[in-house]
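Asks: only the shape, not the letters, is given here:
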């Protein structure tokens, strides 16, 4: 893995319209008042996709105190917000909604807050609606799989640390042959480089752990080892579930994560080829402290953290969801991101580890409404602008 050349293509659209004058009829005199032809209406300019929350449109939402937030939700959100504060007070916000100094007051208050947690958010935050607020939410969890620290019989799928020379992400296309694909890595391209930190028992389990981005390894001794996201091989993510549905490989009841995983195990050769069509490969690092870690580099909170697109939601901001899938309703904190979590009001809710977390996250796909809570100082500046 040496370098990558990102091939970018630029295009522009131009439109021009002209009016060809009528050719007069030479065999008759023109009428006294020739009919006039209205000038054609020019086509509207092509829509420019919003690149952040500020350009997508921001509207004031209802009072935070009027939102249906339970005490448990507010307590988890306050804890998650405190965890995020050391990062949000010093990072640039690409959404255009806040500035780093806007977070100083609520973060200072959160550190000492002892009253009802619901009251904290009502006092220091204001709700805004981004691009109409129409939201779509999925779920993710921290999987637990069987693995060993050293290769042995039955544990033969390496889990790799991040190589030193990984190229930058490919924004448009990845055709440089020096960039290793998932297939190349799984076929042994990194063998002998001392990068394996563990070996998984089931390659399908390892694939789904990579999709989630972090997980717990249960070792033969009964001990556990937590690993977290360290980087990727620069390729964009491809959903194999979508590919399998398009090819008619999944029957009724098989479109869940469980169904997909079972099909891959029942068809190991074809399943391996399908998994390798997702060229993106995830590298991990062992976590010895609290975890898993979100995109702020800080621990995420089960049932309290949501992944979002930082161009549309400031990382560290509370988010209120009102979804058709009621289990996701309530207050969350944006502490993470994801390669498939793009655009306004696209969220991925984090449910923790264990069977219950897996059951909720794997079945979580719901539409609804979202409000982003920003510091009162940020809201005042937006109103002034």
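Replies: Great, that's in hand. As the structure is a computational prediction, the values presented were derived from the model and not from experiment.

Asks: tell me the helix or strand right after the longest strand seen in the chain.
Replies: Secondary structure of the chain read by DSSP state E shows that its longest strand is strand 365-375. As assigned by DSSP states H and E, the chain's next helix or strand after strand 365-375 is helix 376-384.

Asks: so for that following helix, mean pLDDT?
Replies: Helix 376-384 shows a mean pLDDT of 92.

Asks: chain center to that helix, what's the gap?
Replies: 27 Å (Cα atoms, centre = their mean, to the nearest Å).

Asks: for it, which positions count as buried?
Replies: 376-379, 382 (16 or more other Cβ atoms under 10 Å). In short, each C-beta sits where N, CA and C put it, glycine included.

Asks: so, low pLDDT: which residues of the protein?
Replies: Scanning the chain for pLDDT under 70 picks out 1-49, 167-178.

Asks: all the strands of the stretch 201-350 of the chain, residue numbers only.
Replies: Remark: strands assigned in the stretch 201-350 of the chain by DSSP state E, counting those that start in this stretch are 214-218, 224-232, 282-287, 305-307, 318-323, 330-336, 346-353.

Asks: how about those, which one is nearest residue 244?
Replies: For residue 244, the closest of the strands of the stretch 201-350 of the chain is strand 282-287, at 19.9 Å, according to Cβ to Cβ.

Asks: ok, residue 332 - contacts?
Replies: 77, 80, 304-306, 318-321, 347, 349 (Cβ atoms under 8 Å, 6 or more residues apart in numbering).

Asks: so which of those is the closest to residue 164?
Replies: residue 305 (30.0 Å).

Asks: pretty sure the closest one sits against residue 81.
Replies: No: taking contacts as Cβ atoms under 8 Å, residue 305 lies outside contact range of residue 81: 10.6 Å.

Asks: mutual contacts of those two, please.
Replies: The contact lists of residue 305 and residue 81 share residue 333, where a contact means Cβ under 8 Å, 6+ apart.

Asks: burial count for residue 302?
Replies: 17 (other Cβ atoms under 10 Å).

Asks: how near is it to residue 213?
Replies: 15 Å (Cβ to Cβ, to the nearest Å).

Asks: please apply the same query to residue 320.
Replies: From residue 320 to residue 213 the distance is 25 Å (Cβ to Cβ).

Asks: check residue 190 too.
Replies: On the measure of Cβ to Cβ, residue 190 and residue 213 end up 19 Å apart.

Asks: swap in residue 196?
Replies: From residue 196 to residue 213 the distance is 19 Å (Cβ to Cβ).

Asks: neighbour-wise, which of these two wins?
Replies: Applying other Cβ under 10 Å to residue 196 and residue 213 shows that residue 213 carries more neighbours, namely 25 against 17.

Asks: who touches the residue lying closest to that one once chain neighbours are set aside in this structure?
Replies: Excluding the flanking residues, the one nearest residue 213 by Cβ to Cβ, 6 or more residues apart in numbering is residue 229, at 4.4 Å. Taking Cβ under 8 Å, 6+ apart, we find residue 229 in contact with 213-214, 282-285, 292-293.
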